[in-house]
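Colleague: Below: sequence and its predicted model.
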Amino acid sequence: MAGILIYSEKSKSVYELLTAAKLISKETGLKIKAVSINNEEQASELAGKGAEVYKINNDEIKIIDTAGLASVLQQAAAKLDTNIILLASNRRGKELSGRLAQKLAGGCLNDVLSLQVNEKKIECMKNALGGATVATQSIETANKIIALAPKALEAAGEEAGGSINDLEIEVKPTELRLIESRSKAGDAVDIEAAEVLVAVGLGADQEDLKTAEKMAKALGGELACSKPMATDRKWLPEDRLIGLSGKKCKPNLAILLGISGQVQFMVGIREAGTIVAVNTDENANIMQMADYKMVAKIKDFLPEFIERIKID
Ligand SMILES: Cc1cc2nc3c(=O)[nH]c(=O)nc-3n(C[C@H](O)[C@H](O)[C@H](O)COP(=O)(O)OP(=O)(O)OC[C@H]3O[C@@H](n4cnc5c(N)ncnc54)[C@H](O)[C@@H]3O)c2cc1C
């Protein structure tokens, strides 16, 4: 009998992992253990959500050293008798899952969108064929490392019964040194967290872009874009890119301007609550997926829309 271990340095993600762990635990009876590294606040919040938390306090652990982190988690998994390890599928989490799988001779799945337990087997749902379909995959090895996409599940709520324990881990000093950390060039926006997104595609010109930005701000949202707007035209930074090669977003409202709705784009927005599409082509793919469709030029739509919702 082994158990489930959850870890992410990002608190928001680890609370979502706790939800996934509870789902697995409910069906399998396995115990959940949460590891928190050099983060007192996260440890106490996890305990407040009912988790059995193991705090590792050691200044030699450097989060930037993914190989070192994998070794820490490998030891934690052994000491805590856990064989199912849930990580966040962010950049670091994806690297960590591969490294950990190699160390534990287990299988790993990244970018998992949801999971379910079927006859004690954990089934993971992931986009496949460039997002055209969703595949159900499971890991056959005893050790399983599963990295869940951000916002795949709701964060766990408050629950009684949590505890905080100390865990000693042997840490080899790393050769890696953090010399300087700088925020990304550009405006480092988090479109994944936005409740409202106004996204522009190749149907937009520079003037449309400016108006769309104004509208996004007025709606309390963020401006985002399709890939060619960021990588070909370079009108917007890549951290605003939605889709397979960019961010997977789940806003309440997505207003898509001049975007055709290719599958690689839709993968990143299909979980939106409401999709409004503005396109001159009534047969564009996006029109089949949108909740509200406007066959119009962006230039004709935007001023009228802005007027109706009374944006100055
Ligand atoms: C491996 C791979 C990964 C990819 N990853 C991504 C990704 O992550 N994200 C992504 O976006 N793409 C991705 N792509 C590219 C994707 O396939 C499409 O090429 C891209 O999404 C198209 O962008 P678009 O909709 O802005 O442009 P287009 O497909 O050119 O669509 C422009 C739309 O604007 C409409 N239009 C034109 N003028 C106006 C106007 N004045 N007013 C209103 N509408 C107008 C047109 O009718 C058209 O529908 C990927 C492709 C590959 C092969």
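Modeller: Good, I have the coordinates.
Colleague: Would you mind listing the residues in contact with whatever residue of the stretch 51-200 of the chain ends up closest to the ligand?
Modeller: As assessed by Cβ to the nearest ligand atom, the ligand sits closest to Gly130 within the stretch 51-200 of the chain, at 6.0 Å. In this view, the C-beta of every residue, glycine as well, is placed from N, C-alpha and C. Gly130 sits next to 244, 263-264, 267 when contact means Cβ atoms under 8 Å, 6 or more residues apart in numbering.
Colleague: And these, which two are furthest apart?
Modeller: Leu244 and Val263 (8.0 Å; Cβ to Cβ).
Colleague: what touches both of those two?
Modeller: Joint contacts of Leu244 and Val263 (Cβ under 8 Å, 6+ apart) are 130-131.
Colleague: how close does the closest residue to Lys79 other than its chain neighbours sit to Leu176?
Modeller: Nearest residue to Lys79 in three dimensions, chain neighbours excluded: Leu167, at 6.6 Å (Cβ to Cβ, 6 or more residues apart in numbering). Applying Cβ to Cβ, to the nearest Å, the value for Leu167 to Leu176 is 23 Å.
Colleague: So for these two, which residue has more residues nearby?
Modeller: Set side by side, Leu167 and Leu176 show more neighbours around Leu167, with 19 against 12, by other Cβ atoms under 10 Å.
Colleague: thinking again about what came up before, and the residue nearest to Lys79, what are its phi and psi?
Modeller: As for Leu167, its main-chain torsions (degrees, to the nearest 10) stand at phi -130, psi 130.
Colleague: OK, contacts around it?
Modeller: Leu167 makes contact with 35, 54-56, 76, 79-80 under the criterion Cβ under 8 Å, 6+ apart.
Colleague: among those, who's most crowded?
Modeller: When neighbours are counted by other Cβ under 10 Å, Val35 leads the contacts of Leu167 with 26 neighbours.
Colleague: so what's that one up against?
Modeller: Contacts of Val35 by Cβ under 8 Å, 6+ apart are 5-7, 53-54, 56, 73, 76, 80, 167.
Colleague: can you check Leu256 too?
Modeller: Counting by Cβ under 8 Å, 6+ apart, Leu256 touches 199, 201, 269, 275-278, 286, 290.
Colleague: Nearest the middle, which residue of the protein would you pick?
Modeller: Residue closest to the mean C-alpha point of the chain, counted by Cα atoms, centre = their mean, is Pro150 at 2.2 Å.
Colleague: show me what contacts that residue?
Modeller: Pro150 is in contact with 12-13, 16, 88-90, 192, 248, counting by Cβ under 8 Å, 6+ apart.
Colleague: now Gly246
Modeller: So Gly246 contacts 227, 230, 238, 240, 268 (Cβ under 8 Å, 6+ apart).
Colleague: repeat for Leu100
Modeller: 70, 73-74, 85, 87, 106, 108, 145.
Colleague: That one sits in which helix or strand?
Modeller: helix 91-104 (DSSP states H and E).
Colleague: Buried residues in the following helix or strand past that helix, which are they?
Modeller: Downstream of helix 91-104, the first helix or strand assigned by DSSP H and E is strand 107-112. Neighbour-count burial for strand 107-112 flags 107-110, 112 (criterion: 16 or more other Cβ atoms under 10 Å).
Colleague: tilt between strand 107-112 and helix 91-104?
Modeller: Using axes from the mean of the first three to the mean of the last three Cα atoms, to 10 degrees, the direction of strand 107-112 lies 170 degrees away from that of helix 91-104.
Colleague: Cool, thanks, signing off.
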